[in-house]
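Novice: below is the sequence, then the predicted model.
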Amino acid sequence: MKKIYKYTLQIEDKQTLKLPEGSKILSVAEQNNSIVLYALVNTATENVEHVSILIHGTGHPADDVEDYTFLGTVKLYGGDLMFHVFYKKI
């Protein structure tokens, strides 16, 4: 059985998420001044996989994103802060 789950991300340069094996990352968005990631997950599996997430603000160094897939840009606090989110399965 597949469902869309939401994961709240920490606003930090790098983090790792544990998702059910075979998950498909769909998008990122702003919700209540937080960054949330949406993924289509298989709820029937107990196996997990790890996903590395990078978050960089506009104008900040981003030399580490070459092996990552761009997921989206999220604006927080009415657009005062703009964050660019990248991911890769590890």
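Specialist: Structure received. Residues are numbered from 1 along each chain as shown.
Novice: test my guess that Ser27 contacts Val74.
Specialist: No - because the distance of 9.8 Å does not satisfy C-beta atoms under 8 Å, Ser27 is recorded as not touching Val74. C-beta: built from backbone N, CA, C; applies to glycine.
Novice: quick one, which of the two is more surrounded?
Specialist: Between Ser27 and Val74, counted using other C-beta atoms under 10 Å, the more crowded position is Val74 (22 against 13).
Novice: ok, now how distant is that one from Gln31?
Specialist: 9 Å (C-beta to C-beta, to the nearest Å).
Novice: what do you get for Leu76?
Specialist: Separation of Leu76 from Gln31 (C-beta to C-beta): 10 Å.
Novice: give me the more crowded residue out of those two.
Specialist: For Leu76 and Gln31, the more surrounded residue by other C-beta under 10 Å is Leu76, and the numbers stand at 16 against 11.
Novice: tell me how far that one lies from Thr45.
Specialist: 33 Å.
Novice: show me the contacts for the residue most central in space within the chain.
Specialist: With distances taken as C-alpha atoms, centre = their mean, Leu37 lies nearest the centre of the chain, 4.7 Å away. Residues touching Leu37, when contacts are defined by C-beta atoms under 8 Å, 6 or more residues apart in numbering, comprise Lys6, Tyr7, Leu9, Leu17, Ile25, Ser27, Val28, Ile53, Leu71, Val85.
Novice: quick one: mean pLDDT for stretch 57-74?
Specialist: Taken as a whole, stretch 57-74 has a mean pLDDT of 96.
Novice: need the contact partners of that stretch.
Specialist: Under the contact criterion C-beta under 8 Å, 6+ apart, stretch 57-74 has outside partners 14, 25, 27-30, 35, 37, 52, 54, 56, 81-88.
Novice: just give the closest residue to the residue nearest to the centre of the chain, not the sequence neighbours.
Specialist: Residue nearest to Leu37 in three dimensions, not counting chain neighbours: Tyr7, with 4.7 Å by C-beta to C-beta, 6 or more residues apart in numbering.
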